[in-house]
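Asks: below is the sequence, then the predicted model.
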Amino acid sequence: MSDKPLVIFLGNSIMKDDRIGLELGHRLRNELIGKGFDVEILERSGLGLIDYLEGRRLVIVVDSVVTNKYPTGSVLKLKVEDFKVCKGFSPHYAGLPEAIELMKSLKLDVPKVYVIAVEVRDPYTPSMELTKELEDKLSDITLEVKEKILEISDQLN
């Protein structure tokens with residue numbers, strides 16, 4: 001099991017605000033690697049994450065979320081347990097909670113997983129650009145995401 005924490009930045013490069021994780025990953029990659037983290041910037045989800053999760057002690061996933069409870073650009077720190085698992089999930093749609101449940105059922109080592117979620121407004125429109133509202137806050141969001149990553153890592157060391 002690797003003691004080196006892994007940060008996974010998730011997103012979709014052709015879907016407006018859903019690309020926020022990718023943008024943050026490119027901004028933070030070198031600094032986090034310099035602080036001892038492994039970093040992956042991925043356009044994957046669900047079951048495709050199992051290979052990245054297995055054998056890790058700590059994984060932090062950075063992704064977009066739409067709750068409609070927080071202002072656009074809000075940065076939330078969640079545990080994977082905060083998400084509902086879809087019972088009877090399909091391999092065509094399986095998110096992080098379903099991937100972890102499958103790992104448990106296969107008796108694979110499951111890491112401690114945290115999610116840093118950025119509240120977004122429009123993750124569904126095809127576009128190579130963030131909404132202006134999110135773009136305007138990108139520097140502040142980047143700083144807050146970095147602080148939350150370091151806080152999580154420090155708590156577990």
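Replies: Arrived safely, thanks for sending.

Asks: contact partners of the host helix or strand of Lys148?
Replies: Taking DSSP states H and E as the definition, one finds Lys148 inside helix 138-155. Helix 138-155 has contacts (C-beta atoms under 8 Å, 6 or more residues apart in numbering) with 5, 7, 20, 23-24, 27-28, 31-32, 35, 37, 58, 60, 62, 73, 75, 77, 114, 116, 118, 130, 134. Bear in mind the C-beta positions are built from the backbone N, C-alpha and C, glycine included.

Asks: what is the least confident helix or strand in this structure?
Replies: Counting by mean pLDDT, DSSP states H and E, the weakest-scoring helix or strand in the chain turns out to be helix 96-105, with a mean of 77.

Asks: after that one, next one along is what?
Replies: Using DSSP H and E, the helix or strand that follows helix 96-105 in sequence is strand 112-119.

Asks: relative to helix 138-155, how tilted is that following strand?
Replies: The directions of strand 112-119 and helix 138-155 differ by 160 degrees, with axes from the mean of the first three to the mean of the last three C-alpha atoms, to 10 degrees as the criterion.

Asks: and the following helix or strand past strand 112-119, what's buried?
Replies: Downstream of strand 112-119, the next assigned helix or strand under DSSP H and E is helix 132-136. Within helix 132-136, the residues scored as buried using 16 or more other C-beta atoms under 10 Å are Leu134.
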